[in-house]
Every structure is written in C-alpha cells, then in structure tokens.
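Participant: Sequence and predicted structure below; questions after.
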Amino acid sequence: MVAFPTETVYGLGADASNPAAVAKIFAAKGRPQDHPVIVHLGGIELLPLWAGEIPAAARKLAAAFWPGPLTLILKRAAGASDSVTGGQDTVGVRIPGHPVALELLRAFAGEEGGRVFSGVAAPSANRFGRISPTTAAHVRAELGAAVDCVLDGGACGVGIESTIVDLSRGRAVLLRPGEITPAQIAAVLGAEVDLPDAAAPRVSGALASHYAPRTPLYLVAAAELPARLAGLRGKRLAVLARAAAPPGLKDVSWQTAPRAAAGYAHELYASLRRLDDLSCDAILVEAPPSAPEWQGVNDRLRRASSN
Ligand code: TXA
Ligand code: MG
C-alpha cells in the first residue's frame, strides 16, 4: 500500500490486479469490501487491460481531459477482478494529472516474474465516510500507522474528487460532479450529460453521509447567516464563508474562503478539517453560489451537512 498525491485528493493505492492487496486498502479505510474502486493508469495504452469496451465517447473524453480529474465508468475487461469492480460489470478508470502520481504509475507498470502490473486501485486516502485528504499530513492524521508509505506531493491542486461519468450504458451519465463540468463534457461529446436514475450503479460517494466532518455542519444561505449566528449565541461556533467576518463578532472561529470556485475547492477540505479540529458545537457554512462551476463544491457541502 502506498498513499500518493493526485491533482484531486490523495489516494491510497495498491496493485489493482491483486485482490489481497486491494483488500488491505479497504481494511485500512474501514470501507465495505463490495464497493468498487477506481483503477489509476499511467497511460492510455493500458486501458484495454481494464475496459472490455472502449466507446468513441471514452476516446474523446480521454483525449480531452486525461491526464486529469475525470473518471470514466466502462464495461470491464475479463482481467478486472471483483475486488476493484465490486462485482459489477463495469470498472472505473482514470489517468491522474499529477507528476508524482504519473511517475508512480509508470514505474509500477510492467512485467515481472511472469506477472503483469498495469493499474493502481486507489480510493481517497481517508477513513470511510470522512473528508478526503488533500495533503500528506491529512493522510497521516487519517490513517496513521495503517499506511507505511505516504508520497508527499504538497497540497492537491483541485481539492475535490474527480468528476465521474458513466459511459457503460450507451450514454453519458454524471455520477459525481467535480471540477470538470457537465457542460465541458457535453461540448466534447456533442451530446448532453444525463443525471443518474434509480437504476444507476452504487457509488459510495453517493451515500447521504459522505465526506463529513465530526462536528455537525449546517449549510446556511448568506442572507440567513446573521440570524443563525444570533440564534446559536452561547454555543462554540465555526464559520466558513466567502464574506469577511462582521465586526464585533465574538466567540466564533471565522474562516474566510476564496471567492472563486476553483480556489474554494482547492482549500475546502483543509478548511473543514481545521474547523472540525476546533471541536466546536457546530460549523456553519455560508452556501456558495449555485452557478455550474460550483456544482462539485455544492455537492460535497450537501453531503457533509447535517441539514
Ligand atoms: O479524485 C478521485 O477520484 C480520487 C483520487 C484518489 O483518484 N479517488 C476517489 O476514490 O475519490 P473513491 O473510492 O473515494 O471514490 C470513487 C468513487 C466511489 O464512490 C466508487 O463507488 C465509484 O467511484 N466507483 C468506482 N468504480 C465504479 C464503478 N465501476 N461503477 C460505479 N461507481 C464506481
Ligand atoms: Mg472517497
């Protein structure tokens, strides 16, 4: 097992062809064994080892966005075992856009002793249900002695997990929003991106209480923030807001977030960890705008929130 930086968040990696190695990741995270995990590749030439069908849409999106923060769900190849697919007929794959990740993946790929090494299975390097790590120190704090090796690549640029698009059923379906927006994907495909229906595959990130800090977190519309703060007087509060703290505010740990979506996403998980570590009674987050470029951030905040 090796924890490594990607452009989105840190991953906890192991040989994707080795079910015993993949099982170690799940044990370290405390994650249910039947959840599928993304296979990370160092190059597009490795894709046929994992995906049994590579539709034209996948080629287009790979050419446009890989290496980068996009995961494609494709029909699995025979070599993709249940340990990475969670027993489904599909596999999640991506080529990450981070120099350390790419170097690791390229060094790992090859043949030795008659065995082929080609992909690294890696969920985010956090305990199951918790906030993804965006620094090596976060990984240490999350997983401690459970992981021997953490490659330190500094703070992750994007800061939230990859956009996930399912291409396994003849159309493009958005399973998880991220930095790459549905509009960007639609522009490349020349076709709309759908939202998942009830028959969509299981995505652990789609569980209601995912990406959550320990402290109860409430998403509050900007205009309602003063009244909510007044209503909670006497409690120990933390606030994450793009606005500056109002003058004269007492006993509130106020964290100012970047105005733009990319900067906000980049700092989001580190800020939530910092506020969570204060052990306040509640974290109030001023709801960001609802414009398309905020979709990934808003999705994570909704999942982290208790309201
Ligand atoms: O940015 C990312 O994607 C990071 C970095 C490390 O690459 N990884 C990540 O992995 O977020 P994880 O395991 O925390 O989230 C991956 C999500 C899970 O919700 C999983 O259920 C879903 O992808 N997934 C993986 N394979 C799938 C499949 N075959 N079908 C449907 N969902 C799948
Ligand atoms: Mg995760």
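Facilitator: Sure, I can see it. Ligands and ions are numbered 1, 2, ... in the order given.
Participant: List phi and psi for Ser118.
Facilitator: The phi/psi pair for Ser118 (degrees, to the nearest 10) reads phi -140, psi -30.
Participant: Over to Ala14?
Facilitator: Dihedral pair for Ala14: phi -160, psi 160, per degrees, to the nearest 10.
Participant: doesn't Phe26 make contact with it?
Facilitator: No - using C-beta atoms under 8 Å, Ala14 is not in contact with Phe26, being 9.6 Å away. All C-beta spots, glycine's among them, are computed from the backbone N, C-alpha and C.
Participant: Between the two, which is the more surrounded one?
Facilitator: Neighbour totals were compared for Ala14 and Phe26, and Ala14 leads with 24 against 20 (other C-beta atoms under 10 Å).
Participant: Glu224 looks like it's in a helix, true?
Facilitator: Yes - under DSSP: H, G, I helix; E, B strand; the rest coil, Glu224 sits within a helix.
Participant: ok, so what distance separates it from Ala238?
Facilitator: Counting by C-beta to C-beta, to the nearest Å, the gap from Glu224 to Ala238 is 17 Å.
Participant: Whichever strand or helix holds Leu240 pairs with which strands, and in what direction?
Facilitator: Using DSSP states H and E, Leu240 sits in strand 237-241. Here strand 237-241 has these sheet partners by DSSP bridges: strand 252-256 (parallel), strand 282-286 (parallel).
Participant: Distance to ligand 1 and mean pLDDT for those - can I get that in JSON lines?
Facilitator: Shown next, in JSON lines, are the strands paired with strand 237-241 (distance: least, C-beta to the nearest ligand atom, whole Å; pLDDT from 0 to 100):
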{"stretch": "strand 252-256", "distance to ligand 1": "24", "mean pLDDT": "97"}
{"stretch": "strand 282-286", "distance to ligand 1": "21", "mean pLDDT": "98"}
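Participant: Redo the ones you listed as JSON lines? Include mean neighbour count and distance to Val158.
Facilitator: Putting these into JSON lines (neighbours: other C-beta atoms under 10 Å; distance: least, C-beta to C-beta, whole Å) gives the following:
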{"stretch": "strand 252-256", "mean neighbour count": "16", "distance to Val158": "20"}
{"stretch": "strand 282-286", "mean neighbour count": "22", "distance to Val158": "19"}
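Participant: Turn these into JSON lines, columns for distance to Pro67.
Facilitator: Formatted as JSON lines, these follow (distance: least, C-beta to C-beta, whole Å):
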{"stretch": "strand 252-256", "distance to Pro67": "31"}
{"stretch": "strand 282-286", "distance to Pro67": "31"}
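Participant: ranges for the helices of the stretch 101-250 of the chain?
Facilitator: Counting by DSSP state H, counting those that start in this stretch, the stretch 101-250 of the chain has helices at residues 136-143, 182-189, 225-231.
Participant: so which of the ones you listed is the most packed in?
Facilitator: Counting by mean count of other C-beta atoms under 10 Å, helix 136-143 has the highest mean neighbour count of the helices of the stretch 101-250 of the chain, with a mean of 20.
Participant: Wait, Asp276 touches Ile283, no?
Facilitator: Yes - using C-beta under 8 Å, Asp276 is in contact with Ile283, at 7.0 Å.
Participant: shared neighbours, the two?
Facilitator: Shared contacts of Asp276 and Ile283 (C-beta atoms under 8 Å, 6 or more residues apart in numbering): Pro213, Thr215.
Participant: picking that back up, okay, buried residues for the strand holding Leu240 please.
Facilitator: By neighbour count on 16 or more other C-beta atoms under 10 Å, the buried set for strand 237-241 is Leu237, Ala238, Val239, Leu240, Ala241.
Participant: next one: it to chain centre, how far?
Facilitator: Relative to the mean C-alpha coordinate of its chain, strand 237-241 is positioned 23 Å out (C-alpha atoms, centre = their mean, to the nearest Å).
Participant: about what we covered before: which one of the strands paired with strand 237-241 lies nearest to Gly144?
Facilitator: Closest to Gly144 of those is strand 282-286 (C-beta to C-beta; 23.8 Å).
Participant: Could you look up the next helix or strand downstream of the closest one?
Facilitator: helix 295-304.
Participant: starting at the chain centroid, how far to that following helix?
Facilitator: 11 Å.
Participant: close to ligand 1, is that helix?
Facilitator: No - counting by C-beta under 6 Å from any ligand atom, ligand 1 is not contacted by helix 295-304; separation bottoms out at 10.5 Å.
Participant: With stretch 82-98 instead?
Facilitator: Yes - residues of stretch 82-98 are located near ligand 1 by C-beta under 6 Å from any ligand atom, namely Thr85, Gln88, Thr90, Val91, Gly92, Pro96.
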